[in-house]
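J.: structural data only, the sequence is not supplied:
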């Protein structure tokens, strides 16, 4: 978890309510043969989208949450949840993070539902018996996504998944954080949102080690990928059994897509908007991610 950096690099957001325009680096799509993926890797470049994945007549299904958390995400989820019985549902995450304050709001909604969380990409496969849903474990949960993962009442992380953390930073200066200058107002916003994030972490049952590991990674370094022991240390993982979070559809060798490993991580930027009329109150933040070798650079739309 790092404090937001530019879309092209790392990302996170310690922002308030504001929209963010995102353009993340390109990622290879699921290979042919993996059939239709309900969530393509390209969708990770867009604001978070929620879909219900049905897995059969005797299988409840799950919620797929893919993309970046923006100021609209909490309302988008409310709209998605309206008329659905989502109490105790599993939420499958594939996300580069997003706005800090909006992620906190979304995570609290999920905890109130008693949701279960995991990391993966939902895939629909064509079989002789019809469409079959499965989850590809090689997915990414980075930056504020890690705190969404923490909101689950039960939390499972597959061995092939990548969970990465970093600091939060003023998004409009994350590209060259060392050379930038900062005002007392900037520091107030950062400190305030760290406090909000810390309270949320403990409310969700997370350990202080999660904040420590995250806040030790500056925006000019790569994200830190949590090891299996660190996932336990931070209390991000509460079970080693996938059956505790995902419905079992019968066959032990159900087909799943094999995705090509991503050469780089996605990045995105978010805008933090403070309440009030002070023009200094609106600050943009970005999510930190790995290095930027190839691929596009995300651009933020500053708050007006």
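T.: Yep, it's here. This is a predicted model, so every value here is computed, not measured.
J.: so residue 164 sits in a helix?
T.: No. Using DSSP: H, G, I helix; E, B strand; the rest coil, the assignment for residue 164 is strand, not a helix.
J.: excluding chain neighbours, what is closest to it?
T.: residue 223 (3.8 Å; Cβ to Cβ, 6 or more residues apart in numbering). C-beta: built from backbone N, CA, C; applies to glycine.
J.: got phi/psi on that neighbour?
T.: Main-chain torsions, residue 223, degrees, to the nearest 10: phi -60, psi 150.
J.: how about residue 71?
T.: Note on residue 71: backbone dihedrals following degrees, to the nearest 10 are phi -60, psi -20.
J.: give me the neighbour count for it.
T.: Applying other Cβ atoms under 10 Å, we find 24 residues neighbouring residue 71.
J.: my guess is the residue nearest to residue 164 meets residue 165, correct?
T.: Yes. With contacts counted by Cβ atoms under 8 Å, residue 223 reaches residue 165, the gap being 6.4 Å.
J.: these two: which is more packed in?
T.: For residue 223 and residue 165, the more surrounded residue by other Cβ under 10 Å is residue 223, and the numbers stand at 33 against 30.
J.: can you map out the helices along the protein?
T.: For the chain, applying DSSP state H gives helices covering 73-81, 100-112, 145-149, 184-203, 208-215, 228-233.
J.: kindly reformat the ones you listed as a markdown table containing distance to residue 121, mean pLDDT and mean neighbour count.
T.: Shown next, in a markdown table, are the helices of the chain (distance: least, Cβ to Cβ, whole Å; pLDDT from 0 to 100; neighbours: other Cβ atoms under 10 Å):
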| stretch | distance to residue 121 | mean pLDDT | mean neighbour count |
| --- | --- | --- | --- |
| helix 73-81 | 18 | 97 | 17 |
| helix 100-112 | 19 | 96 | 23 |
| helix 145-149 | 13 | 97 | 29 |
| helix 184-203 | 26 | 94 | 16 |
| helix 208-215 | 24 | 96 | 19 |
| helix 228-233 | 19 | 97 | 14 |
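J.: out of these, which comes closest to residue 160?
T.: helix 228-233 (11.7 Å; Cβ to Cβ).
J.: between its first and last residues, how far does stretch 143-151 reach?
T.: 14 Å (Cα to Cα, to the nearest Å).
J.: thinking again about what came up before, tabulate the helices of the chain in JSON lines, adding columns for distance to residue 161.
T.: Formatted as JSON lines, the helices of the chain follow (distance: least, Cβ to Cβ, whole Å):
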{"stretch": "helix 73-81", "distance to residue 161": "21"}
{"stretch": "helix 100-112", "distance to residue 161": "18"}
{"stretch": "helix 145-149", "distance to residue 161": "10"}
{"stretch": "helix 184-203", "distance to residue 161": "20"}
{"stretch": "helix 208-215", "distance to residue 161": "16"}
{"stretch": "helix 228-233", "distance to residue 161": "10"}
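J.: what sits closest to residue 180 if chain neighbours are left out?
T.: Nearest to residue 180 is residue 173, by Cβ to Cβ, 6+ apart, at 3.5 Å.
J.: quick check: the one you found vs residue 52, distance?
T.: Look at residue 173 and residue 52: by Cβ to Cβ, to the nearest Å, they are 39 Å apart.
J.: for the two, indicate the residue with more neighbours.
T.: Between residue 173 and residue 52, counted using other Cβ under 10 Å, the more crowded position is residue 173 (22 against 15).
J.: that one against residue 182, yeah?
T.: Yes. Residue 173 is within contact range of residue 182, at 7.3 Å (criterion: Cβ under 8 Å).
J.: shaky segments in this structure?
T.: Within the chain, the segments meeting pLDDT under 70 span 1-42, 128-130, 171, 174, 248-304.
J.: which stretches in it count as strands?
T.: 49-53, 62-66, 90-94, 116-119, 121-127, 130-136, 140-142, 155-156, 162-165, 224-225, 268-272, 283-287 (DSSP state E).
J.: buried stuff in the fifth one?
T.: By that I understand strand 121-127. 121-125 (16 or more other Cβ atoms under 10 Å).
J.: quick one: which of those residues is nearest residue 161?
T.: Ranked by distance to residue 161 (Cβ to Cβ), the buried residues of strand 121-127 are led by residue 121 at 9.7 Å.
J.: fine by me, thanks again.
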